[in-house]
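would you be able to build a 3D model of this:
(chains A and B, ligands or ions: 4)
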Amino acid sequence: MDAEITLTLDGERRTVTVDTRTTLLDAMRERLGVISPKKGCDHGQCGACTVLLDGRRHLTCLALAVSYDGAEVVTASGLAGDDLHPVQQAFLDHDGYQCGYCTPGQVCSAVGVLDEVRQGHPSHVTEDLDTDPELTDDEVRERMSGNLCRCGAYAGILAAVHQAAQETAGHSA
Amino acid sequence: MRELEYLRPTDAAEAVAAVTGHPGARFLAGGTNLVDHLRLGVATPELLVDVRRLPLDQVEEVETPDGPGLRIGANVRNSDLAADRRVRSLFPAVSRALLSGASGQIRHQATTAGNLLQRTRCVYFQDVTTPCNKREPGTGCSAIGGYDRYNAILGASEECVTVHPSDLAVGLAAVDATVVVLGPHGERRLPLTDLHRLPDDRPDEDTTLHHGDLITAVELTASPMVRASTYYKARDRASYAFALVSVGAALELAEDGTVADVRIAWGGVAHKPWRARRAEDALRGRPLTEDAVRAAAEEELADADASAGAAYKVPMVRNATAMVLTRLAREATR
Ligand SMILES: Cc1cc2nc3c(=O)[nH]c(=O)nc-3n(C[C@H](O)[C@H](O)[C@H](O)COP(=O)(O)OP(=O)(O)OC[C@H]3O[C@@H](n4cnc5c(N)ncnc54)[C@H](O)[C@@H]3O)c2cc1C
Ligand code: SF4
Ligand code: FES
Ligand code: FES
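Ligands and ions are numbered 1, 2, ... in the order given. As a prediction, this is how the structure comes out:
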């Protein structure tokens, strides 16, 4: 069965007809030419396909495109304006990538993490659920744990998230 | 994957009718489990009834039959539920259970009902080239005599030895949650501990729900005991892995330090969240000491199958229970 869906994709309204079995990831990559979100595991296990969907980090390999008709999607390549997004710049400054395959997902996830912390969302390692968490190393590691990196660029990613947190303090994503 | 019809109803009754009227229909929520199963060939529905946008997405303060509490809409995202200030302070075990599950991205996508109704992570269940009674009744169970490290130690049958994977379900079992279900004949309520079933000779049926039953909400009743609740999960990695075993617990001590009331729920040990009622009974009225908890857990584990590769779970769940309850007791007396 085919269905017509409309997405706001990196700020642009895009309409496409998809088979109902198509995932959002495949619709973007194969049908709409948006290849910034990467296909890693295709089963929700690696985070490479992460985008910001209606403002939050979200996987696209386990989302059927038809179910997200009308959604606003921002991929890593849609984050930059005239300048790089502070998270993108921080990844550059701290060598947060090697092959770069996981990077678009890592970047989107980091943007989401900073927003979640700003909203006071706790994580598994937050000691006291009644207080707002602070972004310690442990908090960053736990919150970014849904994004795997085969190259092991984690040390750079950790530093990048800290830098971006400082730079965006007080702003919203 | 075969051809798939898709429907997005606008209210819950319409969704129930759509699935009830079609044997090949399934509800779709966040899709983090069902879409995976479509792609693996584990699930082969003909019609998806998308309930993700039904307005069942609020956490509301309500009067439950047992007192003031919260009504959690079936579509509340796992991340929103874990972050809800009321859940964090009144039902910490629920928040902790959610935060220990999956990843930040998945928790934004996964829903309350979807999480409870996710299916087992048994490797054979997910691999359509192997026999599995849960996926295809009558074909046999590959996990018996196969890779058995994740197997159940309680309540398994000769037909199926897998465990239920949901952390949330265990946290909810520890705070005595109620599930609200809308079926073709109207609404009914059941204790969370009656939602999932043991495999017996029907491992293909995970729950007591019927085709077309829609979970609309989960209700929680507040009490001093559940306010002092927590959740602990042992896993192979520090994060982003399913439980080997997990413990959800709530404790109320009397003035003299004895156990006024206690609830203990175990994950990773059975086909359903396992309420350790025998252990609870053994502890009530006794001083809460580490030895007492171990002895109580031992009673609960009397029938455990400690033979195969999952035998390590027996001491693991006993130790975890002792740690969790002594910690709760320390916090209560501080
Ligand atoms: C990599 C990975 C790691 C994970 N790790 C964990 C973990 O550590 N702990 C954990 O607990 N979970 C974990 N999960 C599982 C995840 O939490 C579940 O997949 C998710 O909660 C399912 O919710 P959903 O809304 O996406 O459900 P869906 O996939 O949409 O649906 C799941 C099932 O529920 C049914 N359903 C949905 N809503 C309703 C309703 N209202 N009424 C009746 N039936 C309904 C569907 O028909 C389907 O059968 C993990 C998942 C992945 C992919
Ligand atoms: S343990 Fe259950 S789910 Fe796993 S192969 Fe056996 S029957 Fe299937
Ligand atoms: S490709 Fe989506 S999580 Fe791996
Ligand atoms: S930089 Fe290569 S996978 Fe992360």
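
which secondary structure element is home to whatever residue of chain B ends up closest to ligand 1?
Residue of chain B nearest ligand 1, by C-beta to the nearest ligand atom: B:G114 (2.2 Å). The way it works is simple: take the backbone N, C-alpha and C, and place the C-beta from them, glycine included. Assigned by DSSP states H and E, B:G114 belongs to helix B:112-116.

who are the packing partners of that helix?
If you count contacts as 3 or more C-beta pairs under 8 Å, 6 or more residues apart in numbering or on different chains; DSSP states H and E, helix B:112-116 packs onto helix B:78-83, helix B:167-174, strand B:214-221.

show me where chain A has helices.
For chain A, helices defined by DSSP state H occupy the ranges A:24-26, A:86-93, A:103-118, A:137-143, A:154-168.

let me redo that: the stretch 151-300 of chain B
B:167-174, B:224-227, B:277-283, B:290-300 (DSSP state H, counting those that start in this stretch).

just how off-centre is the third one within its chain?
Relative to the centre of its chain, helix B:277-283 is centred 20 Å away, using C-alpha atoms, centre = their mean, to the nearest Å.

any idea of the mean pLDDT in it?
The pLDDT scores in helix B:277-283 average 98.

give me the buried positions along it.
In terms of neighbour count (16 or more other C-beta atoms under 10 Å in any protein chain shown), helix B:277-283 has its buried residues at B:278-280, B:282-283.

per-residue pLDDT, residue 110?
You didn't pick a chain, so chain A it is. Looking at A:A110, its pLDDT reads 98.

try again with chain B
pLDDT, B:A110: 98.

tell me the residue of chain B that sits nearest chain A?
B:S103 (2.4 Å; C-beta to the nearest C-beta).

who's in contact with that residue?
Residues counted as contacts of B:S103 (C-beta atoms under 8 Å, 6 or more residues apart in numbering or on different chains) are A:47, A:145-147, B:240.

try 6 Å this time
Counting by C-beta atoms under 6 Å, 6 or more residues apart in numbering or on different chains, B:S103 makes contact with A:146, B:240.

low-confidence regions, chain A specifically.
A:170-173 (pLDDT under 70).

residue numbers of it in contact with ligand 1?
Contact residues, chain A versus ligand 1 (C-beta under 6 Å from any ligand atom): A:44-45.

quick check: closest non-adjacent residue to B:L90.
Setting aside the residues directly before and after it, B:L90 is nearest to B:A222 in space (C-beta to C-beta, 6 or more residues apart in numbering or on different chains), at 5.0 Å.

distance of that neighbour from ligand 3?
37 Å (C-beta to the nearest ligand atom, to the nearest Å).

okay, now that residue: neighbour count?
19 (other C-beta atoms under 10 Å in any protein chain shown).

thought it was touching B:P92?
No. Here B:A222 lies out of contact with B:P92, judged by C-beta atoms under 6 Å, at a distance of 11.9 Å.

not counting sequence-adjacent ones, nearest residue to the residue of chain B closest to ligand 1?
Using C-beta to C-beta, 6+ apart, the closest residue to B:G114 is B:A29 (3.9 Å).

ok, how many other residues are close to the one you found?
B:A29: 26 neighbours (other C-beta under 10 Å).

which ones are touching it?
Contacts of B:A29 (C-beta under 6 Å, 6+ apart): B:51-52, B:111, B:114.

just name the closest of the residues you listed to A:Q163, please.
The nearest member of those to A:Q163, counting by C-beta to C-beta, is B:T111 at 34.4 Å.

one step back: what would the buried residues of helix B:277-283 look like in JSON lines with distance to chain A?
JSON lines is the format used below for the buried residues of helix B:277-283 (distance: C-beta to the nearest C-beta, whole Å):
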{"residue": "B:R278", "distance to chain A": "30"}
{"residue": "B:A279", "distance to chain A": "26"}
{"residue": "B:E280", "distance to chain A": "24"}
{"residue": "B:A282", "distance to chain A": "29"}
{"residue": "B:L283", "distance to chain A": "25"}
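
and ligand 1, which of those contact it?
Among the buried residues of helix B:277-283, proximity to ligand 1 is found for none (C-beta under 6 Å from any ligand atom).

which pair in the residues you listed spans the largest distance?
Greatest spatial distance among these (C-beta to C-beta): B:R278 and B:L283, at 9.9 Å.

now the helix of greatest length in chain B: average pLDDT?
When chain B is parsed with DSSP H, its longest helix is helix B:313-333. The pLDDT scores in helix B:313-333 average 96.

how distant is that helix from the center of its chain?
Put simply, helix B:313-333 sits 20 Å off its chain's centre (C-alpha atoms, centre = their mean).

what's the spacing between A:D128 and A:G156?
According to C-beta to C-beta, to the nearest Å, A:D128 stands 30 Å off from A:G156.

make JSON lines from the buried residues of helix B:277-283 and add distance to B:I153 to it.
Listed next are those as JSON lines, based on distance: C-beta to C-beta, whole Å:
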{"residue": "B:R278", "distance to B:I153": "15"}
{"residue": "B:A279", "distance to B:I153": "14"}
{"residue": "B:E280", "distance to B:I153": "18"}
{"residue": "B:A282", "distance to B:I153": "19"}
{"residue": "B:L283", "distance to B:I153": "21"}
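
so which of A:D128 and A:G156 has more stuff around it?
Shown here are A:D128 and A:G156; by other C-beta under 10 Å, A:G156 has more neighbours (20 against 9).

surely the more buried one meets A:Y97?
No. Look at A:G156 against A:Y97 with C-beta under 6 Å: they stay out of range, at 7.2 Å.

all good on my end, thank you.
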